[in-house]
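J.: 3D, please:
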Amino acid sequence: MMKARCLLFSLGLIVFAAVFIGAVSASDLVPTGDAGRTVTVIDGLGETVTIQGIPQRIVSLAPSNTEILYAIGLEDRIVGVTDYCDYPPAAADKERIGGYNTISVEKVLAADPDLILAAPGSTEEVVNRLRALGMTVVTLYPETIDDVLQDIDLLGRVTGQEEQAAACVEGLQERISVVAEGVDGQGEKPSVVHVVWHDPIWISGDGTFQNEVITAAGGTNAFGSVDEWGIVSLEEFIATDPDLILVSSGTGMTEEGHDVIQDYFLNEPRMQGLKAVQSGHVYVIDTDIISRGGPRIVDALEEVAAILHPGTFGAGAPMAAQTVQSPGFGAMALVGALFGVFLFRAKK
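T.: Purely as a prediction, here's the structure:
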């Protein structure tokens, strides 16, 4: 009898262990339905990409891609980001795979990703090599705010986060609508220039996020005739004499804590006759929020709308505001990235 009881007890332990191990293993595996899931998308470069199952290990090759991943709740699946992926702050803890356009293919492969999110700044050579090695690469290439919303939706479908992506897009659309309603009927639109750098003076023209933010916020781009980004002479800038000047947060703050580009306009003798300087309408705006094709582009829209129409959206940023410079993607890094995008578009 005792042997029988011991045998039954041992059998019970074996059955319990089998059930427990099976339950743990099942929680670590993608469900059968998801494993057989296939999604085909056309990415930002017009490439048709098929994704098998739901990606669990994602490498981001651009800060904007990383921000979208966090916005739709995919932070736990990120296994690699660039040196410039600095938002949200939690991204600092992710494995680094190189610079914005100096990606280490070896580090990407070491991360063992089942999805790589590229961008125009990710060199064509790197992307082609990763594809040749059998990697699944989707390139996000937003050129407008609507494109950003579409990319969020696309990434939701690719990763199985459709509901989270839809909620994110809906929230951003609501905020965009609030700005649109607020600027409607404001009357004359002030002329605005966005300055990327001051030596030489490099401005944002038509076909850029900055231009769309300015116009959607109820202004007109003083250099809207310029295609994308361009350098303008000091004489041309002075002759244009915009109502407001937006300057990107610079590559470094002065010892006194001021932004270097803003300081240029405030202290350069030849700029003192400008309306924007005389009226105190020179504003610093974070390079990252107004230049990255991610969810925070709507933050830029709201901020610029508040600057242009303080009576409608609240007080605009004071001229002498001390903007903390982003540690990873300052103006000169932006200049480099823009140059990379320029070369890419020139090849198209």
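
J.: just for this structure, where's the confidence low?
T.: 1-35, 250-258, 314-348 (pLDDT under 70).

J.: What helices and strands are in contact with the longest strand along it?
T.: Using DSSP state E, we find that the single longest strand of the chain is strand 191-198. Contacts defined by 3 or more C-beta pairs under 8 Å, 6 or more residues apart in numbering; DSSP states H and E place strand 191-198 against strand 201-204, helix 209-216, strand 220-221, helix 234-240, strand 244-248, helix 260-267, helix 331-347. (C-beta placed from N, C-alpha, C; glycine too.)

J.: Name the residues of stretch 72-81 that come out as buried.
T.: 72-75, 77-81 (16 or more other C-beta atoms under 10 Å).

J.: Closest one of the residues you listed to residue 133?
T.: Among the buried residues of stretch 72-81, residue 80 lies closest to residue 133 (C-beta to C-beta), at 14.9 Å.

J.: for that closest one, helix, strand, or coil?
T.: Put simply, residue 80 is strand when judged by DSSP: H, G, I helix; E, B strand; the rest coil.

J.: Who are the contact partners of it?
T.: 58-60, 94-97, 107-108, 111, 113 (C-beta atoms under 8 Å, 6 or more residues apart in numbering).

J.: And the buried ones among the residues you listed, selectable in PyMOL?
T.: Listed next is the PyMOL selection for buried residues among the contacts of residue 80, using 16+ other C-beta under 10 Å:
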select buried, resi 58+59+60+94+97+108+111+113
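
J.: name the element the spatially most central residue of the chain belongs to?
T.: Against the mean C-alpha coordinate of the chain, by C-alpha atoms, centre = their mean, the closest residue is residue 64 at 2.2 Å. Following DSSP states H and E, the helix or strand that holds residue 64 is helix 63-71.

J.: helices or strands next to that helix in the packing?
T.: Using 3+ C-beta pairs under 8 Å, 6+ apart as the test, helix 63-71 ends up in contact with strand 58-60, strand 115-118, helix 145-159.

J.: can I see the domain layout of this structure?
T.: 37-168, 186-347 (automatic domain parsing).

J.: Save those as CSV, and put in distance to residue 174 too.
T.: CSV is the format used below for the domains of the chain (distance: least, C-beta to C-beta, whole Å):
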stretch, distance to residue 174
domain 37-168, 11
domain 186-347, 10
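
J.: Among these, which comes closest to residue 177?
T.: Among those, domain 186-347 comes nearest to residue 177, with 10.7 Å by C-beta to C-beta.

J.: Could you give the separation of the closest one from the chain centroid?
T.: 17 Å (C-alpha atoms, centre = their mean, to the nearest Å).

J.: ditto for stretch 128-146
T.: Worked out by C-alpha atoms, centre = their mean, stretch 128-146 lies 15 Å from the chain centre.

J.: can you give me the end-to-end distance of it?
T.: Taking C-alpha to C-alpha, to the nearest Å, the first and last residues of stretch 128-146 lie 27 Å apart.

J.: now stretch 217-237
T.: 22 Å.

J.: what do you get for stretch 94-107?
T.: 13 Å.

J.: Please enumerate residues in contact with it?
T.: Defining contact as C-beta under 8 Å, 6+ apart, one finds that stretch 94-107 is touched by 59, 61-63, 66, 78-85, 108, 111, 121-123, 126, 129-130, 133, 329, 333, 336-337, 340.

J.: Drop the exposed ones from the residues you listed and show what's left.
T.: Buried among these (16+ other C-beta under 10 Å): 59, 61-63, 66, 78-85, 108, 111, 121-123, 126, 129-130, 329, 333, 337, 340.

J.: Check which residues of the helix or strand containing residue 176 are buried.
T.: Using DSSP H and E, residue 176 maps to helix 162-183. For helix 162-183, the neighbour count (16+ other C-beta under 10 Å) marks 164-165, 168-169, 172, 176, 179, 182-183 as buried.

J.: That one vs helix 145-159, what angle?
T.: If you take axes from the mean of the first three to the mean of the last three C-alpha atoms, to 10 degrees, helix 162-183 sits at 170 degrees to helix 145-159.

J.: thinking again about what came up before, just the CA trace of the longest strand of the chain, in CSV.
T.: Extracted C-alpha coordinates of strand 191-198, given in CSV (Å, rounded to 0.1, in the frame of the first residue of the first chain):
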residue,chain,number,x,y,z
SER,A,191,6.1,85.7,-42.0
VAL,A,192,8.4,83.2,-40.3
VAL,A,193,11.8,81.8,-41.0
HIS,A,194,13.3,78.6,-39.5
VAL,A,195,17.1,78.8,-39.3
VAL,A,196,19.0,75.5,-39.1
TRP,A,197,22.4,77.1,-38.8
HIS,A,198,23.9,80.6,-38.9
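
J.: and that strand with strand 244-248, angle?
T.: Using the same axes, to 10 degrees: strand 191-198 against strand 244-248 is 30 degrees.

J.: contact partners of strand 191-198?
T.: With C-beta under 8 Å, 6+ apart, strand 191-198 has contacts from 201-204, 210-211, 214, 219-223, 229, 237, 240, 242-248, 260-261, 264-265, 285, 290, 304, 308, 331-332, 334-335, 338.

J.: Would you write out the ChimeraX command that picks the buried residues out of these?
T.: Command for ChimeraX, covering only those of the contacts of strand 191-198 found buried under the criterion 16+ other C-beta under 10 Å:
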select :201,202,203,204,210,211,214,219,221,222,223,229,237,242,243,244,245,246,247,248,260,261,264,265,285,290,304,308,331,334,335,338
